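1. Sequence plus the predicted model coming up.
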Amino acid sequence: MTYWPSVVVATPAHSGLAGPLTYRSEQPLAAGNLVRVPLGAREVLGIVWSCPSDPPADCSEEQLRPVSAVLDGLMPLGDGWRQLVAFAARYYQRGLGEMALSVLPPALRDLDNTQLARRLKRLAKVNGSAACPETPVSRPQASAEQQQVLDALGTLDRPALLYGSTGSGKTEVYLRATEQVLQDDPAAQVLVLVPEINLTPQLEERFRQRFEPRHGSAALVSLHSGMTPAQRLQAWLAAHAGTARIVLGTRMAIFASLPGLRLIVVDEEHDPSYKSQEGARYSARDLAVYRAKVESDRGPHPCRVILGSATPSLESWHAAEQGRYRRLAMPGRIGGGELPRLRLVDMNHQPKGATLSPPLLAAMEERIARGEQCLVLLNRRGYAPVLSCDACAWKSQCPHCSAFQVFHKLDRTLRCHHCGFTRRVPRACPDCGNLDIAPIGRGTEQIEEQLAGLLSQAVRPDGTPARVARMDADTTRTKGSLEQQLQALHEGEVDVLVGTQMVAKGHDFRRITLVAGLNVDAALFASDYRAPERLFALLMQAAGRAGRDAGHSGHSEMWVQTWHPTHPLFAALKKHDYPAFAAEQLAEREAAAMPPFGYQALLRADARTQDAAQAYLNGVADAAADLPGRDEVTLYPAVPLPIQRVANVERAQMLVESHSRQALQRFLWAWQPLLLQGRSLPEARGLIRFAVDVDPLAV
Ligand SMILES: Nc1ncnc2c1ncn2[C@@H]1O[C@H](COP(=O)(O)OP(=O)(O)OP(=O)(O)O)[C@@H](O)[C@H]1O
Ligand SMILES: [Zn+2]
C-alpha cells in the first residue's frame, strides 16, 4: 500500500515554501518520524507531519518522490513538541520547516540508522551505572517561605511567578520542586532554563549534588551553544529517549524533545537573553508558558512552569497582577539577612575628573581591611570606548560600522564590538601624525588598572596587599577560565572584582559586602522605553550579590555613582521596592499603550545602502494599505537602527503596533507575501534581507 506523508523540511528562509511537502512511502509512517527525503538535487532531513493513505488531490503519483530513508531507531517526536514548534513558527512569523529543523541538533542532519543505533546503545550503557535510589541526600531544611511556595506549587493551575528576593533561596525551591516531580513519576522530566551559559556550571553543580546519588550521572544533561555538535546531539538524544530526567540549558533548550515533561523552570526570567536576536526571534520564556500549557492540556499529568526572579519582567508582573500567573513571594533572605543599603554618590560634588569617588574608595579600603570583598560593576569592557587625537578630529571609528573601535590596552588593539574588526593601536594619529592620541571614557580594563593603583595602600587582615581582578567577556573567553575566576573569588584570593553585567547575575558569593555601580546614568535617559526596567533590574541584581551571608549583611552596601541622584528610579531602588517601581512603570506604559498594554513587532531590513533599506520598508508599508486588518495596526515610518551600519551593512527598521495581539498577528501573516514581493521593488535594490521580530525587546 502507498502512503502520502507530508514532511516538513528546512526550506531556505523566505523562499515562500512555508508548509510541509508531500512525498511517497510504501510503509505507513508516524507523525514525528524523522526521515531523509530528496529536495531538489539534495537529500535532507525531514519530519513527518502527517501520513494519509489518500493521494493528494492536486498532483499525480509520478510527480511525488519517495521518502529515501526512515530513522526508525528513533522514537517519533511527540505531538506536544510538534505543537510547540508549529506555534513558534506561526507566532514568530517563520516557515514551519525552518523553525522545526533549526531547533534540532545540527549533528542529527547527517546521521544514518547505523550511527544512530550506535549512539543510542552508548546512551543505554551510560544509564543506570550510578543510580542508587536509596542513597540519602543531604539538603537544608526548607525555610518557612520556601515551604509555603512548595505547597502552593503542588496545587498550581497556572504559571507561577516566583518573586523571591536575591538570596531568598529560589534555587532550593527549583531543586525541591524537581525532586517532587521525579519522585512522583519515574518517567517525568524537568527542564531548567538559565539565561547564560556562564550560569550553567554553578547551577549544574548544585543539581548534580542533589540528583546524581539517586538518579545516576546520566539523569542530568546540559544543552547550550557552548557544547560541541557531538555533545549536543548526545544530550538531545538522552532527553528525547527519556534517560535524561533533568535538562539544564539556555534558551535553545526550550525546544528539547522531552516526552515526559512535567516541570519547566525559567530562572531569572526577566533576563533579555531569553529572547533570541537572530533567526526565529523567539522568547524562550514565553514559549515555556505555552509549552507547559500544551503538555498539561494533552496529558493526564499537569506540566507546571515556574518563572523565577527578584526583579520580574514587567510583562510577567502584569500577568500576575491580572491573575493569569500566580505570584508566589519570598521576600526574606535565607538566614534573615538584610538587603544592602543604597549609597548614592552625587558626582556633581566629587573632585573633577574622578572616576572613582573618594568616599567609595574609602569604603572599599575599609572592607578590604576587614577581609570582605567588593564588586565593581561597569557595563563596558575594554580599556576605553574610543581613542581620539587631540590635534585633529581623528577618532577610532570602525571602518565597517557606525561605531567606534574600543581600545584594549592589554594587547594594544582597537576592536570593534559589533563586527569584530581588530587592528593594532596606531603609534601616531593616522590622519595628522600627532603622537598624542588618548583614550576617552572608561571600560573595565581601565577601572581595574585604576583601582589597582588607588588601592595600592589597602591591606588585608593578614597584612598582604589588596588584590584586584577583572571578569568580563575578554577574561573569560577560554574554556574553564570563568570557573577558575569564580573559584578564586569564592576562595577569597580576590578582594575587588571589576566586571560587566556578567558578575551581577545569579552568583552566590558569600563574602561580598559592597557592590558599586559606575556610569549608570546613560540608561536613565535612554530613548529605549525598556532602559529603566533593565537598569533597575541590573542594579537590584548587582546589589543582591552583597550581604548574602547573614552575618555580614548588616553593613552591606550598594554604591551608585550618579550625576542625577534625585532621579525617582533611585528612590525606589533605595527601598528595594520593586512593586512600587513596577507600578509606576506600568502606569506609564499603559498611558502610552506600550507593552504589555499594546503589542509590537519590528520589521527590519538590511541593505547595501540606508536608502534601499528604508525604501523597502516604506514600500511594503504602502503596499499594505488595502490589507484586511490594516486599520487595526499602526505602521511607523522607517528609521535607521541606533547603530546604523554594522559590517558594511546598513540597517533600518519599522515599528508595527496594535492594541490587540490577534490583530497584530493577523496583519503580519497577511503582510508576509507582500514582504517577499517587496524584495523586487526597484528602489529597494541592494536589499540583503528582511526579518520580522515579534515582541521585540529593543525598539
Ligand atoms: N532552606 C535553606 N537553608 C539553608 N540555606 C539555604 C536554604 N535555601 C537556600 N539556602 C542557601 O542560601 C543561599 C542563597 O540561595 P540561592 O542562591 O538559591 O538564592 P536565589 O534566591 O537564587 O538568589 P539570587 O536571585 O540572588 O540568585 C545559597 O547559598 C543556598 O545554598
Ligand atoms: Zn565594526
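-> Nice, I can see it. In this text the structure is predicted, and so the values were computed from the model without any measurement. Numbers count the residues shown, from 1 in each chain. Ligands and ions are numbered 1, 2, ... in the order given.

2. show me where the stretch 251-400 of the chain has helices.
-> Counting by DSSP state H, counting those that start in this stretch, the stretch 251-400 of the chain has helices at residues 284-298, 314-321, 358-369.

3. closest one to residue 623 among these?
-> helix 284-298 (29.7 Å; CB to CB). For glycine as for every other residue, the C-beta is placed from the backbone atoms N, C-alpha and C.

4. Buried residues of the closest one, list them for me.
-> Under the neighbour-count criterion of 16 or more other CB atoms under 10 Å, helix 284-298 has 284, 285, 286, 287, 288, 289, 290, 291, 292, 294, 295, 296 buried.

5. And stretch 136-146, by the same measure?
-> Buried-residue list, stretch 136-146, by 16+ other CB under 10 Å: 142, 143, 145, 146.

6. Can you pick out the most distant pair from the residues you listed?
-> 142 and 145 (8.6 Å).

7. residues from the protein in reach of ligand 1?
-> 140-143, 146, 164, 166-172, 310, 334, 506, 508, 544 (CB under 6 Å from any ligand atom).

8. Which of those fall in strands?
-> Within these, residues falling in strands by DSSP state E are residue 164.

9. So how do I select the buried members of the residues of the chain next to ligand 1 in PyMOL?
-> Here is the PyMOL command that selects the buried residues among the residues of the chain next to ligand 1 (16+ other CB under 10 Å):
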select buried, resi 142+143+146+164+166+167+168+169+170+171+172+310+334+506+544
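
10. Which ones among the residues of the chain next to ligand 1 also lie next to ligand 2?
-> Contacts with ligand 2 are made by none of the residues of the chain next to ligand 1, judged by CB under 5 Å from the ion.

11. Tell me which residues are up against the helix or strand bottoming out on mean pLDDT in the chain.
-> Ranked by mean pLDDT, DSSP states H and E, the helix or strand of the chain with the weakest confidence is helix 550-553, at a mean of 72. The contact list for helix 550-553, computed with CB atoms under 8 Å, 6 or more residues apart in numbering, reads 333-340, 372, 511, 513, 546-547.

12. Can you tell me which of those is nearest ligand 2?
-> Set against ligand 2, the nearest of these by CB to the ion is residue 546 (36.3 Å).

13. Contacts only, for that closest one.
-> 340, 375, 512, 513, 514, 515, 553, 556, 557, 558.

14. Distance-wise, check it relative to residue 312.
-> 21 Å (CB to CB, to the nearest Å).

15. And for residue 556?
-> Where residue 312 is concerned, residue 556 sits at a distance of 23 Å (CB to CB).

16. Can you show me the strands along the stretch 151-300 of the chain?
-> Using DSSP state E, counting those that start in this stretch, the strands assigned to the stretch 151-300 of the chain run over residues 160-164, 189-193, 220-223, 246-249, 261-266.

17. Including mean pLDDT and distance to residue 347, could those go into a markdown table?
-> As requested, the strands of the stretch 151-300 of the chain are exported to a markdown table (pLDDT from 0 to 100; distance: least, CB to CB, whole Å):
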| stretch | mean pLDDT | distance to residue 347 |
| --- | --- | --- |
| strand 160-164 | 97 | 33 |
| strand 189-193 | 98 | 38 |
| strand 220-223 | 94 | 43 |
| strand 246-249 | 96 | 41 |
| strand 261-266 | 98 | 37 |
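
18. Is it possible to get JSON lines of those that adds distance to residue 365?
-> Shown next, in JSON lines, are these (distance: least, CB to CB, whole Å):
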{"stretch": "strand 160-164", "distance to residue 365": "33"}
{"stretch": "strand 189-193", "distance to residue 365": "40"}
{"stretch": "strand 220-223", "distance to residue 365": "41"}
{"stretch": "strand 246-249", "distance to residue 365": "40"}
{"stretch": "strand 261-266", "distance to residue 365": "40"}
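
19. To residue 323, which of those strands lies closest?
-> That would be strand 160-164 among these, by CB to CB, at 11.1 Å.

20. what residues does this protein put near ligand 2?
-> 398, 400, 401, 416, 418, 419, 421.

21. What is the neighbour count of the nearest residue to residue 131 once chain neighbours are set aside?
-> Residue nearest to residue 131 in three dimensions, not counting chain neighbours: residue 216, with 3.2 Å by CB to CB, 6 or more residues apart in numbering. A total of 19 residues lie near residue 216 under the criterion other CB atoms under 10 Å.

22. Quick check: the residue nearest to residue 408 when sequence neighbours are not counted vs ligand 1, distance?
-> Closest residue to residue 408 apart from its sequence neighbours, by CB to CB, 6+ apart: residue 382 at 5.0 Å. According to CB to the nearest ligand atom, to the nearest Å, residue 382 and ligand 1 sit 27 Å apart.

23. now do residue 648
-> Distance, residue 648 to ligand 1, by CB to the nearest ligand atom: 41 Å.

24. Do I have it right that that residue meets residue 402?
-> No. Using CB atoms under 8 Å, residue 648 makes no contact with residue 402, being 10.4 Å away.

25. So which of those two has more stuff around it?
-> Using other CB under 10 Å, the more surrounded residue of residue 648 and residue 402 is residue 402, with 17 against 10.

26. so that one sits right up against residue 645, yeah?
-> Yes. With contact defined as CB under 8 Å, residue 402 reaches residue 645; the gap is 4.3 Å.

27. center of the chain, which residue is that?
-> Among the residues of the chain, the one closest to the centroid is residue 273, at 1.7 Å (CA atoms, centre = their mean).

28. got the contact list for that residue?
-> Applying CB under 8 Å, 6+ apart, we find residue 273 in contact with 195, 196, 250, 251.

29. Look up how far residue 194 lies from the third one.
-> The reference is to residue 250. Counting by CB to CB, the gap from residue 250 to residue 194 is 6 Å.

30. between these two, who's got more neighbours?
-> residue 194 (27 against 22).

31. Quick check: the more buried one touching residue 251?
-> No. Using CB under 8 Å, residue 194 makes no contact with residue 251, being 9.2 Å away.

32. residue contacts, the nearest residue to residue 94 once chain neighbours are set aside?
-> Spatially, and ignoring its direct neighbours in sequence, residue 94 is nearest to residue 280 (4.6 Å; CB to CB, 6+ apart). By CB under 8 Å, 6+ apart, the residues touching residue 280 are 88, 89, 92, 94, 98, 99, 102.
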